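> Quick one, what's the 3D model for this:
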Amino acid sequence: MMGAVKRRVPGGHRCSVSFKPQLNLTGEKRTTKGSLSVLLRLAPIANRIKDGFGDITSRSSQSDSTAKPTYLLFCAAIKEMGDLKLD
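Okay, the predicted model is just below:
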């Protein structure tokens with residue numbers, strides 16, 4: 001999809017960021033965190049969110065059919081940012 005993105009960073013250093021071709025949020029084992037079922041690989045992120053902010057989906061104005069995938073995508077985005085390696 002995007003391949004590698006290269007840009008200049010302060011100080012004239014080069015940085016290369018690689019992106020995974022796709023984000024798979026289905027087909028894995030799940031665990032329940034509050035009222036939501038999350039992928040096992042996202043459970044640590046969901047725990048940090050719940051410990052810090054409580055059940056953020058309970059205050060959502062979104063329907064459950066929208067809030068659940070949005071929450072999974074949010075957790076996945078946080079995990080991906082944590083996994084990002086900058087050269």
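> switch to C-alpha atoms for all contacts and neighbour counts from now on
Noted.
> Can you show me the helices along this protein?
Remark: helices assigned in the chain by DSSP state H are 43-53, 64-83.
> Confidence-wise, which of these is weakest overall?
Least confident of these, judged by mean pLDDT, is helix 64-83 with a mean of 87.
> That helix - contacts with which helices or strands?
In terms of contacts (3 or more Cα pairs under 8 Å, 6 or more residues apart in numbering; DSSP states H and E), helix 64-83 is packed against helix 43-53.
> neighbouring contacts of the helix it packs on?
Applying Cα atoms under 8 Å, 6 or more residues apart in numbering, the contact partners of helix 43-53 are 31, 33, 38, 55-56, 75, 78-79.
> which of those residues lies closest to Ala67?
Closest approach to Ala67 among the contacts of helix 43-53 (Cα to Cα): Ile56, at 9.7 Å.
> contacting residues around the closest one?
Lys50.
> Quick check: phi and psi at it.
Backbone torsions of Ile56, given as degrees, to the nearest 10, read phi -70, psi -20.
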